[in-house]
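Novice: predicted model, plus sequence, below.
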Amino acid sequence: MNEPQRTCAILAIGDELILGQKTDTNSAWIADRMTQRSARVVEHVTVDDDERAIAGAMRRLAGGADVIVCTGGLGPTADDLTRRSLAQAMGDALVEDEGSVEQIRSWFAGRGREMPEANRVQALRPSRGRSLPNPNGTAPGLAGRIEVDGRGCEVFCLPGPPREMRPMFETQVEPVLAFEGGRVVRTRMLHTFGLGESEVARRLGELMARDRDPLVGTTATRGVVTCRVRSQASPSEAEAFRGLDESERLICERLGDVVFARDGNAEAPLESVVLGLLRGRGERVVVAESCTGGLLGEMLTRLAGSSDVFLGGWLTYCNEMKRVQLGVPEDLLSEFGAVSKPVALAMAHGALRAAQTAGGADHALAITGVAGPGGGSEGKPVGSVWIARASGDGTDDARLFRFGGGRSAVRQWSAVTALGMLRLRLDGVRTPLLGQIEPAQDD
């Protein structure tokens, strides 16, 4: 007889999260790992550094979840209140854990220091709870059980820093989530670029019905729309997972060439796919950037090992740099302006020529535009960006885009769209991209 699927809640603690001063990456990571372990995440909650708020959130979540994972608030300062909050939620008192005291003392000794007395507070735990060892920092984790209306909920409190939290989750929490006879969750990821999330949803239609199994959903990050397909069944119901293959086939059929990667991972960056395509063809690329100020190059070098296909690039922010570094003719700059098709193409071809001194490149990407907030005009409003691609075989492609969302968004969209244009070329695909207002495909 199969056990019911465990339900889990995630509680993130910290003023900096509430105020938006720090991004909560822990909760997303924990949710993904929980799902992989066949647990069902039912709620994400964020609270500030307030003992009553934390304890209240713990007790409320314990009323509807089997497991709660909390992150943050285990430091040695006055605003680190997770220990006291857990004890309050459990109706328990704090006691000092001798083993934790020795662990903290050893951590400092290993760095040639004595343990400050202030860190002793990190060894406190509820008397009916237990401490979780932390070999990567001074804050032991905590585990306890909250009883609400006759049902019990396991609570794990982990440190906030990911380098401490993740190993502790893997060794102390994941084993609790694993149990025989439970339901198995399987997922597929299909990553797309070129359509907005609403258009992707329109094309998928009834595939995204919330009562469908497999369940299909979408998320958008930096222009990439990911279609997530999820199905769950008991281990003996393997037939139920055949629907994953059919759903994947239907998604590819309806979205076509905008699908650039299919995998089981939560992330498949477009830059990783482009670098892989270049590597597989034995080709190399260079970039010439104006309004993006090096962002495209940063995206390509974000991944280790990119130097075998990415040679480098030029930051030609002013017209004189475009002329001197890339050989853009003065008459093009004077007649058409820096934000124009002729100049974008001249930048790309100039980058190809300049790359010959470094052994030559097979492709060049160029970006020139008006990122804002000022500098726009009636003919070239803020958000107008020309992106060009030139290749060593003599083909090129220049497209005009109109991006919104402010300066940072315009720059981000420009960089990722340039990668999207190169991916189209490498895959032999001809299709317009999101934000494109002038095709200008001249291959």
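Specialist: Nice, thanks for sending it over.
Novice: identify all contacting residues around the lowest-mean-pLDDT helix or strand in the chain.
Specialist: Every helix and strand in the chain was compared by mean pLDDT, DSSP states H and E; the lowest is helix 174-177, with a mean of 79. Identification of contacts with helix 174-177 by Cβ atoms under 8 Å, 6 or more residues apart in numbering yields 6, 8, 33-34, 37-39, 67, 154, 156. All C-beta atoms are positioned from the backbone trio N, CA, C, and that covers glycine.
Novice: these: which two are farthest apart?
Specialist: S38 and F156 (17.3 Å; Cβ to Cβ).
Novice: these two: which is more packed in?
Specialist: The residue with more neighbours, out of S38 and F156, is F156; 23 against 19, by other Cβ atoms under 10 Å.
Novice: show me how far the least confident helix or strand of the chain is from its chain's centre.
Specialist: Computed by Cα atoms, centre = their mean, to the nearest Å, the chain-centroid distance of helix 174-177 equals 25 Å.
Novice: check which helices and strands the next helix or strand after it sits against.
Specialist: On the C-terminal side of helix 174-177, the nearest following helix or strand under DSSP states H and E is strand 184-193. The criterion is 3 or more Cβ pairs under 8 Å, 6 or more residues apart in numbering; DSSP states H and E, and the helices and strands that strand 184-193 contacts are helix 26-36, strand 224-233, helix 242-255, strand 259-263, helix 270-281, helix 407-427.
Novice: between those, which one is closest to A366.
Specialist: For A366, the closest of the helices and strands packed on strand 184-193 is helix 407-427, at 8.0 Å, according to Cβ to Cβ.
Novice: what's the closest one packed up against?
Specialist: So helix 407-427, by 3+ Cβ pairs under 8 Å, 6+ apart, packs with strand 184-193, helix 270-281, helix 295-301, strand 363-369, strand 384-391, strand 396-402.
Novice: tell me the angle of it relative to strand 184-193?
Specialist: 90 degrees (axes from the mean of the first three to the mean of the last three Cα atoms, to 10 degrees).
Novice: and the helix or strand just after helix 407-427, which strands flank it?
Specialist: Next along the chain after helix 407-427, taking DSSP H and E as the criterion, comes strand 436-438. Strand 436-438 has the following strand partners under DSSP bridges: strand 396-402 (antiparallel).
Novice: quick revisit: and which of the contacts of helix 174-177 is nearest M90?
Specialist: Nearest to M90 among the contacts of helix 174-177: E154, at 11.4 Å, using Cβ to Cβ.
Novice: quick one: mean pLDDT for whatever helix or strand that closest one lives in?
Specialist: When elements are assigned from DSSP H and E, E154 belongs to strand 151-158. Averaged across strand 151-158, pLDDT comes to 95.
Novice: CA-only coordinates of that strand in CSV, if you can.
Specialist: Only the C-alpha atoms of strand 151-158 are listed here, as CSV (Å, rounded to 0.1, in the frame of the first residue of the first chain):
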residue,chain,number,x,y,z
ARG,A,151,-0.8,16.1,14.1
GLY,A,152,3.0,16.4,14.1
CYS,A,153,5.2,18.4,11.6
GLU,A,154,8.9,17.9,11.3
VAL,A,155,10.8,21.3,11.3
PHE,A,156,14.3,21.8,10.0
CYS,A,157,16.1,25.1,10.5
LEU,A,158,19.1,25.6,8.3
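Novice: mind giving me the packing neighbours of that strand?
Specialist: Against strand 151-158 (3+ Cβ pairs under 8 Å, 6+ apart) you get helix 51-62, strand 67-71, helix 82-90, strand 141-148, helix 162-168.
Novice: would CSV of these with distance to R407 be doable?
Specialist: Listed next are the helices and strands packed on strand 151-158 as CSV, based on distance: least, Cβ to Cβ, whole Å:
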stretch, distance to R407
helix 51-62, 36
strand 67-71, 33
helix 82-90, 38
strand 141-148, 41
helix 162-168, 29
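Novice: got those as CSV, with mean pLDDT columns?
Specialist: Output for these, formatted as CSV (pLDDT from 0 to 100):
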stretch, mean pLDDT
helix 51-62, 97
strand 67-71, 97
helix 82-90, 97
strand 141-148, 96
helix 162-168, 95
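Novice: make a markdown table out of those and add mean neighbour count.
Specialist: Shown next, in a markdown table, are the helices and strands packed on strand 151-158 (neighbours: other Cβ atoms under 10 Å):
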| stretch | mean neighbour count |
| --- | --- |
| helix 51-62 | 20 |
| strand 67-71 | 27 |
| helix 82-90 | 23 |
| strand 141-148 | 19 |
| helix 162-168 | 18 |
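Novice: point out where the stretch 101-250 of the chain drops to low pLDDT.
Specialist: Applying pLDDT under 70 to the stretch 101-250 of the chain picks out residues 178-185, 233-241.
Novice: can you rerun that using 90?
Specialist: 111, 150-151, 174-189, 210-211, 213, 219-224, 228, 230-245 (pLDDT under 90).
Novice: figure out which of the helices and strands packed on strand 151-158 is closest to G217.
Specialist: strand 67-71 (22.3 Å).
Novice: report the angle between that closest one and helix 51-62.
Specialist: 150 degrees.
Novice: how far does strand 67-71 sit from its chain's centre?
Specialist: Mean C-alpha position of strand 67-71 versus that of the full chain (Cα atoms, centre = their mean) differs by 21 Å.
Novice: show me what it is packed against.
Specialist: Here strand 67-71 touches strand 7-13, helix 26-36, helix 51-62, strand 151-158, going by 3+ Cβ pairs under 8 Å, 6+ apart.
Novice: which secondary structure state is assigned to the residue of the chain positioned farthest from its centre?
Specialist: Here the centre of the chain is the reference, and by Cα atoms, centre = their mean the most remote residue is D331, at 43.3 Å. Per DSSP: H, G, I helix; E, B strand; the rest coil, the local secondary structure of D331 is helix.
Novice: which residues does it contact?
Specialist: If you count contacts by Cβ under 8 Å, 6+ apart, D331 has none.
Novice: do you know the pLDDT at A268?
Specialist: 57.
Novice: and the one 4 residues further on, by the same measure?
Specialist: The predicted structure scores S272 at 92 on the pLDDT scale.
Novice: swap in G374?
Specialist: For G374, the predicted pLDDT is 93.
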